[in-house]
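In: predicted model follows, preceded by the sequence.
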Amino acid sequence: GEDVEQSLFLSVREGDSSVINCTYTDSSSTYLYWYKQEPGAGLQLLTYIFSNMDMKQDQRLTVLLNKKDKHLSLRIADTQTGDSAIYFCAEGSGGSYIPTFGRGTSLIVHP
Amino acid sequence: EAGVAQSPRYKIIEKRQSVAFWCNPISGHATLYWYQQILGQGPKLLIQFQNNGVVDDSQLPKDRFSAERLKGVDSTLKIQPAKLEDSAVYLCASSLWESGTSGNTIYFGEGSWLTVV
């Protein structure tokens, strides 16, 4: 199976919170990343969390890590239409922490 | 600070033709990566350079793909001959990371979109 798994689609109403979930298999993962990709653009690093943390907050973004269950989530508060994009979960391990990506979750924000 | 630059942005070629993509990383970044992103999938690492040496090219299809970073700055990725399944976005990325350091923040370019017909 895939090393990093995510659901493919999420649809929310503008102003609501969005929660994007991810599971990974590598127990030695050191860094867990969230990237955002807008149409026709490259990947933008949104945030990352070190494996010895269980939560990280950055403005409207909250990352939760359950290392026991190998589950990572990204919560976007007060979701706006500009948040519509594909969100990639990635895990990094080994000497260079190179991210291994999931297939991405398409977030659709409607008025 | 200038980001990772890639060219061309778009390329359409016929199968069995060749194509080359160019990447200029962020100034001072020792490590450069090429990723392949097929539509509907996440990016997959093809090759990683540190300065002008190859760190990892285990996922590079070496029968048709080649990459170089001769002076430790710019890099080119070549495909020859191209196949239909090579249609994808080729993303270049760079980071400050060097062996022995912890953490790795990778910055991506906008990608080169390849269509093989």
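Out: Looks like it came in fine. Note that the structure is predicted; figures quoted are calculated from it, not measured.
In: what does chain A have sitting close to chain B?
Out: Within reach of chain B by C-beta under 8 Å from any C-beta of the partner chain, chain A has these residues: A:4, A:31, A:35, A:40-45, A:48, A:88, A:90, A:92, A:95-104. To be clear about C-beta, it is placed using only N, CA and C from the backbone, and glycine gets the same treatment.
In: need the contact partners of stretch A:47-63.
Out: A:29-34, A:46, A:64-67, A:72-78, B:105 (C-beta atoms under 8 Å, 6 or more residues apart in numbering or on different chains).
In: which among these count as buried?
Out: The neighbour-count criterion (16 or more other C-beta atoms under 10 Å in any protein chain shown) marks A:29-34, A:46, A:64-65, A:72-76 among these as buried.
In: now flag whichever of those is closest to residue A:23.
Out: residue A:72 (7.5 Å; C-beta to C-beta).
In: measure stretch B:37-51 end to end?
Out: The first and final residues of stretch B:37-51 sit 24 Å from each other (C-alpha to C-alpha, to the nearest Å).
In: tell me the mean pLDDT over that stretch?
Out: In this model, stretch B:37-51 has a mean pLDDT of 92.
In: next one: stretch B:85-101
Out: The average pLDDT for stretch B:85-101 rounds to 83.
In: filter the residues of chain A next to chain B to the buried ones?
Out: Buried among the residues of chain A next to chain B by 16+ other C-beta under 10 Å: A:4, A:31, A:35, A:42-43, A:45, A:48, A:88, A:90, A:92, A:96-104.
In: of those residues, which belong to strands?
Out: Counting by DSSP state E, these place A:4, A:31, A:35, A:43, A:45, A:48, A:88, A:90, A:92, A:99, A:100, A:101 in strands.
In: which ones are touching residue A:7?
Out: Neighbour list for residue A:7: A:20, A:21, A:105 [criterion: C-beta under 8 Å, 6+ apart].
In: now these in TSV, with distance to residue B:35?
Out: As requested, those are exported to TSV (distance: C-beta to C-beta, whole Å):
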residue	distance to residue B:35
A:20	21
A:21	23
A:105	18
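In: what are the buried residues along stretch B:24-34?
Out: B:24, B:25, B:26, B:29, B:30, B:31, B:32, B:33, B:34.
In: what sits up against it?
Out: Against stretch B:24-34 from outside (C-beta under 8 Å, 6+ apart): A:96, A:98, B:1-6, B:23, B:45-51, B:55, B:67, B:69, B:72-75, B:77, B:90-98, B:104, B:106-107.
In: which of the residues you listed are buried?
Out: A:96, A:98, B:4, B:6, B:23, B:45-50, B:55, B:67, B:69, B:73, B:75, B:77, B:90-95, B:97, B:104, B:106-107.
In: among the contacts of stretch B:24-34, which are located in helices?
Out: In helices, judged by DSSP state H, none of the contacts of stretch B:24-34 are found.
In: which of those fall within strands?
Out: B:5-6, B:23, B:45-50, B:55, B:67, B:75, B:77, B:90-95, B:107.
In: please name the nearest non-neighbouring residue to the closest residue to chain B within chain A.
Out: In chain A, no residue comes nearer to chain B than residue A:101, which is 3.2 Å away by C-beta to the nearest C-beta. Spatial nearest neighbour of residue A:101, chain neighbours left out: residue B:42 (3.2 Å); criterion: C-beta to C-beta, 6 or more residues apart in numbering or on different chains.
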